[in-house]
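A.B. asks: Build me a model:
(chains A and B)
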Amino acid sequence: MTAPLHGTSTDSDPVATADVAADVVKASVEGRSLRQIAWSRLKRDKLALAGGIVVVFLVLVAIFAPLIVSLLGHPPNEFHQEEIDPLFGTPKGSLGGISSDFLFGVEPSNGRDVFSRVIYGARISLLVAFLAAVVAVVLGTIFGIIAGYFGGWVDSLISRVMDMLLAFPQLLFIISLVSVLPNDLMGLTGSGVRIAILVAVIGFFGWPYVGRIVRGQTLSLREKEYIEAARSLGAGRRYILFRELLPNLVAPITVYATLMIPTNILTEAALSFLGAGVKPPTASWGQMLSKAVGTYEDDPMFMIIPGVAIFVTVLAFNLFGDGVRDALDPKGTR
Amino acid sequence: MLAYLIRRLFAVVVMLLVVTLTTFAIFFVIPKWAGADPALLFVGKQADPAAIEGIRQKLSLGDPVLVQFWHFVQGLFAGRDYANGTDVTHCPAPCFGYSFRTEQAVWPQLTDAMPVTLSLAAGACLLWLVGGITTGVVSALRRGTLWDRSAMTVALAGVSLPIYFTGLLSLAIFSYSLKWVNVDYKGFADDPAMWFESLILPWITLAFLYAAMYARLTRATMLEIMGEDYIRTARAKGLRERVVIGRHAMRSTWTPVLTLLGLDLGALLGGAVLTETTYNLPGLGRLAVNAITEKDLPVILGVTLIAAVFIVVANLVVDLLYAVIDPRVRLG
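C.D. replies: Okay, here's the model as predicted:
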């Protein structure tokens, strides 16, 4: 039950020591650190907790996918023509061939185990979404802090670049990029390349969102007395940026990172749906839905199962992210 | 005001140049850097050396990228002549070139697809603004009631549902099982009733996602604004609640909604791509996806540019609207 909460705690841990000054001030007034307050708020938020539990469950499923599939399913790329009606190409039996042997039924025309493919699809989805969020947060934080702290032409340049990226027809660019890049790149082959490309591209188009927020926060923080104090004590630029400013940006960055993961999951699924995701036969949810465009009339289950998988995952991350945001929001009253 | 407009228009031109250059770079520079031949990309895997050389000649891939880019920009404003052996084809301005695959001029394809996407986007936009804002305002005013909680639950589900899933579900239910609507697209000029019928599911599908976001945003803003001093002042003046909300509170609610709208117009094209693919609508999104799968650069460039024009112009309009809606905003 405490697992989802660990996520936030480890995120802010390296910061704890540098955050002493701010914490001491808070503690003398409230008796609790911001993190403790956020803690207790999050624990009281039932929906966020439920979301967090589902998130942990999904992460475990993704990690132990091979084990789960070997126990409950069939290898994800194994064809089962015997489960397919030779005349119509649809699964035998009702509800897309759901049985005790094939828990989520079989794929139309080739009889692959939908359960195994959904489980393996979770791996791709979560891996890409998580790593892309990391890329976006790292880039966004670096450029956001630099723009906000240094101001002047540096700020104008970075802000213009961010505005421009936000106004780009992103999805088209991402599909174009993915379609022209070769299948092996820098020593990587197979689905590894596509995953790396997806992470890089989704992360790259995500950083301006983080960058804007970090820049705004930095702009207001750099005028604060404690920065002035650090500067007059002779602290270097690097010290101020990373030991004084960054710790105070952890809360908004954490919130944004958590809320970014569901968006990334949707983007990855959309790209797979449009044929620009991981290459078949590697399973992904978007790809299953794209096949379902042609089969939903005869086999609606094959559309519903990956769709529900995306929905549940994104919803869980959204619920958890909303909870984290409310818990860390200084304006919150709970 | 005039200085502001000129500055913004200058920014628009820069933006369009960057978008075009980037698209060029995606197809001509990045493959090279990654160790692939751009000419090979266009002819496909089984091409013989002669065909590759032909493509290279035809696209003048030997020229530096900037030169190719210059020719493209020239074509847009002044038209362009294509030499094919002895005969010369003139492509009148705005010339977006010819498709690599079908050899058809790109501009007519764009103008054919544009009304579809515009119909889709405009209808959905209207639907989500009205639906989202109304839901958000009502939820904020009845905070904590059953209505508020169920509306916000539906909204949260709405932002978590992928368009292509809701789209397929609605197709399966309303078009295939119940046979209520026919989704074969007809142009507005051909048959307004059929146009409406074919677009009603796409509109709802696309609008649902955004309506959910706008409902959440409007509710949050409204809750914040209702605690402001000027609302208390308005009430103290003895204004009726309807006027307090309709004239005073709503005016401030529009600002964040407009900001989000400006940002979303960029993403809207992505939504249109997915919606058009799901419902098989012959719009810009589907044109782009097909062109991308076939690596048909002139068509992709055309769609991206048109999309970029749409996005930057819409953003300009949004910025101008700020000043109209919020008297605290001064352009300068």
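
A.B. asks: How about the contacts made by the residue nearest to the spatial centre of chain B?
C.D. replies: For chain B, the residue nearest the mean C-alpha position is B:Leu269 (2.7 Å; CA atoms, centre = their mean). Taking CB atoms under 8 Å, 6 or more residues apart in numbering or on different chains, we find B:Leu269 in contact with A:Pro169, A:Leu171, A:Leu172, B:Thr117, B:Ala121, B:Leu284, B:Gly285, B:Ala307, B:Phe310, B:Ile311. C-betas here are computed from N, CA, C, even on glycine.

A.B. asks: Kindly reformat the residues you listed as a markdown table containing secondary structure and neighbour count.
C.D. replies: Output for the contacts of B:Leu269, formatted as a markdown table (DSSP: H, G, I helix; E, B strand; the rest coil; neighbours: other CB atoms under 10 Å in any protein chain shown):
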| residue | secondary structure | neighbour count |
| --- | --- | --- |
| A:Pro169 | coil | 29 |
| A:Leu171 | helix | 26 |
| A:Leu172 | helix | 25 |
| B:Thr117 | helix | 27 |
| B:Ala121 | helix | 23 |
| B:Leu284 | helix | 31 |
| B:Gly285 | helix | 29 |
| B:Ala307 | helix | 27 |
| B:Phe310 | helix | 20 |
| B:Ile311 | helix | 25 |
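
A.B. asks: which parts of the stretch 51-200 of chain B sit against chain A?
C.D. replies: Applying CB under 8 Å from any CB of the partner chain, we find that the stretch 51-200 of chain B lies next to chain A at B:156-157, B:159-165, B:168-169, B:171-172, B:176.

A.B. asks: give me that answer again for 10 Å
C.D. replies: Within reach of chain A by CB under 10 Å from any CB of the partner chain, the stretch 51-200 of chain B has these residues: B:153, B:156-157, B:159-169, B:171-173, B:175-177.

A.B. asks: Pull out the buried members of those residues.
C.D. replies: Listed as buried from these are B:156, B:159-169, B:171-172, B:175; burial here means 16 or more other CB atoms under 10 Å in any protein chain shown.

A.B. asks: And B:Ser198, how close does it get to B:Tyr210?
C.D. replies: Note on B:Ser198: its distance to B:Tyr210, by CB to CB, to the nearest Å, is 20 Å.

A.B. asks: err, B:Pro92, not the other one
C.D. replies: For B:Pro92 relative to B:Tyr210 (CB to CB), the value is 38 Å.

A.B. asks: Could you check which of these two is surrounded by more residues?
C.D. replies: B:Tyr210 (25 against 11; other CB atoms under 10 Å in any protein chain shown).

A.B. asks: list the contacts for that one?
C.D. replies: Residues near B:Tyr210 by CB atoms under 10 Å, 6 or more residues apart in numbering or on different chains: B:124-125, B:127-129, B:131-132, B:158-159, B:163, B:260-261, B:264, B:267-268, B:271.

A.B. asks: Equivalent analysis for B:Asp191, please.
C.D. replies: Going by CB under 10 Å, 6+ apart, B:Asp191 touches B:Glu197, B:Ser198.

A.B. asks: Can you tell me what sits against stretch B:236-249?
C.D. replies: Outside stretch B:236-249, the residues within contact range by CB under 10 Å, 6+ apart are B:137, B:140-141, B:221-222, B:225-226, B:228-235, B:250, B:253.

A.B. asks: per-residue confidence for residue 85?
C.D. replies: Because you didn't say which chain, this covers chain A. Note for A:Asp85: predicted pLDDT of 77.

A.B. asks: You answered for a different chain; I wanted chain B.
C.D. replies: Taking B:Gly85 on its own, its pLDDT is 59.

A.B. asks: middle-most residue in chain A, spatially?
C.D. replies: Note on chain A: the residue nearest the mean C-alpha position is A:Ile261, at 2.1 Å, using CA atoms, centre = their mean.

A.B. asks: can you tell me the helix or strand for it?
C.D. replies: Element membership of A:Ile261, judged by DSSP states H and E, is helix A:246-273.

A.B. asks: Helix or strand next in line after that helix, which one?
C.D. replies: Following helix A:246-273 toward the C-terminus (DSSP H and E): helix A:285-295.

A.B. asks: ok, A:Arg112 - contacts?
C.D. replies: Per CB under 10 Å, 6+ apart, neighbours of A:Arg112: A:74-80, A:83, A:102, A:106, A:281, A:283, A:288.

A.B. asks: do A:Ala292 as well
C.D. replies: A:107-108, A:273, A:299-307, B:164-165, B:168, B:172.

A.B. asks: Same check on B:Ser119?
C.D. replies: B:Tyr185, B:Gly187, B:Phe188, B:Trp195, B:Phe196, B:Ser198, B:Leu199, B:Pro202, B:Trp203, B:Leu281, B:Gly283.

A.B. asks: In CSV, please show the C-alpha coordinates belonging to the helix or strand where B:Trp70 lies.
C.D. replies: Per DSSP H and E, B:Trp70 falls inside helix B:65-78. C-alpha atoms of helix B:65-78 as CSV (Å, rounded to 0.1, in the frame of the first residue of the first chain):
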residue,chain,number,x,y,z
VAL,B,65,19.4,21.3,-49.1
LEU,B,66,19.2,25.0,-48.9
VAL,B,67,19.1,25.3,-52.7
GLN,B,68,16.2,22.8,-52.8
PHE,B,69,14.5,24.7,-50.1
TRP,B,70,14.8,27.9,-52.0
HIS,B,71,13.3,26.3,-55.1
PHE,B,72,10.4,25.1,-53.0
VAL,B,73,9.7,28.6,-51.5
GLN,B,74,10.0,30.1,-54.9
GLY,B,75,7.4,27.7,-56.2
LEU,B,76,5.0,28.7,-53.5
PHE,B,77,5.0,32.3,-54.4
ALA,B,78,5.9,32.4,-58.1
